[in-house]
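Student: here's my sequence, what's the structure:
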Amino acid sequence: VQLQASGGGLVQAGDSLRLSCAASGRTVSSYNMAWFRQAPGKEREFVAAVVWNGGSTYYADSVKGRFAISRDNDKNTVYLQMNSLKPEDTAVYYCATQLYKSTNYYSGYNYWGQGTQVTVSS
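Tutor: The predicted structure follows:
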């Protein structure tokens with residue numbers, strides 16, 4: 001499976017962005033999908049996850065209430081709506097999928113997209 005992330009950019013604090021991640025090569029509709037991010041000089045961290053049918057979502061405390069993850073299985077695509085962006089949200093954002101049935105939504109992702117840069121200026 002190939003994951004293609006898009007939608008990043010340079011915005012000001014308080015603005016919104018919507019990231020998309022389109023999967024190709026096989027369907028991901030049966031598997032959890034997630035977004036992670038990595039800021040310069042920091043470890044990659046979990047941002048949000050959505051279960052295979054979109055019925056449940058999980059968030060890092062740092063983005064809870066500001067970000068929303070969703071998916072469209074007909075389009076084989078996952079989204080991350082980011083509102084009230086802060087400079088500390090600046091990072092490369094990666095989408096990922098597990099391609100196996102799992103109840104661990106925070107780790108264990110084994111397929112990754114190439115990342116899209118999000119830069120938030122103050």
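
Student: just give the closest residue to residue 12, not the sequence neighbours.
Tutor: Nearest residue to residue 12, sequence neighbours excluded (Cβ to Cβ, 6 or more residues apart in numbering): residue 121, at 5.4 Å. (C-beta placed from N, C-alpha, C; glycine too.)

Student: number of nearby residues for the one you found?
Tutor: 11 (other Cβ atoms under 10 Å).

Student: ok, now residue 122?
Tutor: 9.

Student: surely it and residue 15 touch.
Tutor: No: here residue 122 lies out of contact with residue 15, judged by Cβ atoms under 8 Å, at a distance of 11.6 Å.

Student: torsion angles phi and psi at residue 88?
Tutor: Phi and psi for residue 88, reported as degrees, to the nearest 10, are phi -70, psi -10.

Student: that one - how many residues pack around it?
Tutor: Counted with other Cβ under 10 Å, residue 88 comes out at 11.

Student: for it, give its distance to residue 120.
Tutor: According to Cβ to Cβ, to the nearest Å, residue 88 stands 8 Å off from residue 120.

Student: what's the end-to-end length of stretch 21-39?
Tutor: In stretch 21-39, first residue to last residue: 19 Å (Cα to Cα, to the nearest Å).

Student: let me see the contact set for the residue nearest to the spatial centre of the chain.
Tutor: For the chain, the residue nearest the mean C-alpha position is residue 35 (2.3 Å; Cα atoms, centre = their mean). By Cβ atoms under 8 Å, 6 or more residues apart in numbering, the residues touching residue 35 are 19, 21, 47-49, 69, 78, 80, 93-96.
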